[in-house]
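S.K.: Please find the sequence and the predicted model below.
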Amino acid sequence: MKKLAIFIVGMLVFSGLVISNNPPEKPTVNGPTSGEAGKEYTFTAVANDPDGDRIFYCFNWGDENEFCTPYVNSGQPYEAKHTWQEKGTYVITVTATDEHGAKSEPATLQVSMPKTLSSCRITKPRNGIYIFGIKVIPVIGQIVIGKINVEVYATSDIQVVDFLLPMACGCGLKVMHTDKERPFEWGWSEDYDNNDVIDEKFTQIIVKGYTSAWDEYRDEIVLYKVKI
């Protein structure tokens, strides 16, 4: 009878220990909520476990892809990267699970990927100070001193690229160069008539790419141009 009582007490204690295991708290998820399909984005999840157990996170990206991390310490954040291939709105669902299998409530973050990478994009000048075509300092925005070779990335279906500047009259754009061969570029070295186009101080470069079916793709940047 004494042994039975000890056994029952032991089972109750063991059961109490099992029952007392608490799941991790609901994770906190941080990251961008909008972007472009085809680009990689980084998200961070962090959660605490009341019992101090190690945990792992699972990221469900909402596009039939999932990523689960290795075990980390309670309260330790983890970064996960993902690329959505299609335009759309997605809900990221993140859970934390402790080493005993207890799972947290799911945390969600809605992200929108309304844009796709442009089929025609100006790559030079881009985010820098350029002196005679050489990027000397990376900055946000574009400052161009002297001549420069304007370069464009275009997907394989683009056959022709036009390079345009705004007209001084404010009445439209003027094609300054047309390139039909890769790599698509324009050697901007000429000093144009200020009464014709805006080619100094604050201005824009506009590019238009055309497919064989004459579908149009466009990109533009604002820059500050200094003539020398």
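M.R.: Now that the structure is in, tell me what you want to look at.

S.K.: all contacts plus neighbour counts: C-alpha atoms, from now on.
M.R.: Fine.

S.K.: Can you name the residues bridging to V197?
M.R.: M167 (DSSP bridges).

S.K.: Ok, the one 5 residues further on next?
M.R.: In this structure, F202 has the following beta-bridge partners (DSSP bridges): Y224.

S.K.: Can you tell me how far it is from D193?
M.R.: 15 Å (C-alpha to C-alpha, to the nearest Å).

S.K.: So between those two, which is more surrounded?
M.R.: Per other C-alpha atoms under 10 Å, whichever of F202 and D193 has more neighbours is F202, with 13 against 10.

S.K.: The residue lying closest to E86 once chain neighbours are set aside: neighbour count?
M.R.: Distances taken as C-alpha to C-alpha, 6 or more residues apart in numbering place A37 nearest to E86, at 5.5 Å, with adjacent residues excluded. A37: 19 surrounding residues under other C-alpha under 10 Å.

S.K.: Tell me the predicted confidence for A37.
M.R.: Looking at A37, its pLDDT stands at 80.

S.K.: What residues of the helix or strand encompassing E79 count as buried?
M.R.: Here E79 sits within strand 78-83, counting by DSSP states H and E. For strand 78-83, a neighbour-count test (16 or more other C-alpha atoms under 10 Å) marks 78, 80, 82 as buried.

S.K.: One more: stretch 98-115?
M.R.: Applying 16+ other C-alpha under 10 Å to stretch 98-115 flags 98, 103-104, 106-109, 111-113 as buried.

S.K.: what about the residue nearest to Y192 when sequence neighbours are not counted, distance to G31?
M.R.: Closest residue to Y192 apart from its sequence neighbours, by C-alpha to C-alpha, 6+ apart: D199 at 6.7 Å. Distance of D199 to G31, computed by C-alpha to C-alpha: 39 Å.

S.K.: More neighbours: which of the two?
M.R.: The residue with more neighbours, out of D199 and G31, is D199; 24 against 16, by other C-alpha under 10 Å.

S.K.: V222 is in contact with the more buried one, correct?
M.R.: No - contact criterion C-alpha atoms under 8 Å: D199 and V222 do not qualify, at 11.4 Å.

S.K.: Domain map for the chain?
M.R.: Domain assignment of the chain by automatic domain parsing yields the ranges 22-116, 120-226.

S.K.: how far out from the middle of the chain is the shortest one?
M.R.: Read it as domain 22-116. Relative to its chain's centre, domain 22-116 lies at 16 Å (C-alpha atoms, centre = their mean, to the nearest Å).

S.K.: and if you look at the longest one?
M.R.: In terms of C-alpha atoms, centre = their mean, the centre of domain 120-226 is found 24 Å from the chain centre.

S.K.: now it: mean pLDDT?
M.R.: Averaged across domain 120-226, pLDDT comes to 94.

S.K.: and it, how far apart are its ends?
M.R.: Rule used - C-alpha to C-alpha; the end-to-end distance of domain 120-226 is 26 Å.

S.K.: How about stretch 23-35?
M.R.: Using C-alpha to C-alpha, one end of stretch 23-35 lies 33 Å from the other.
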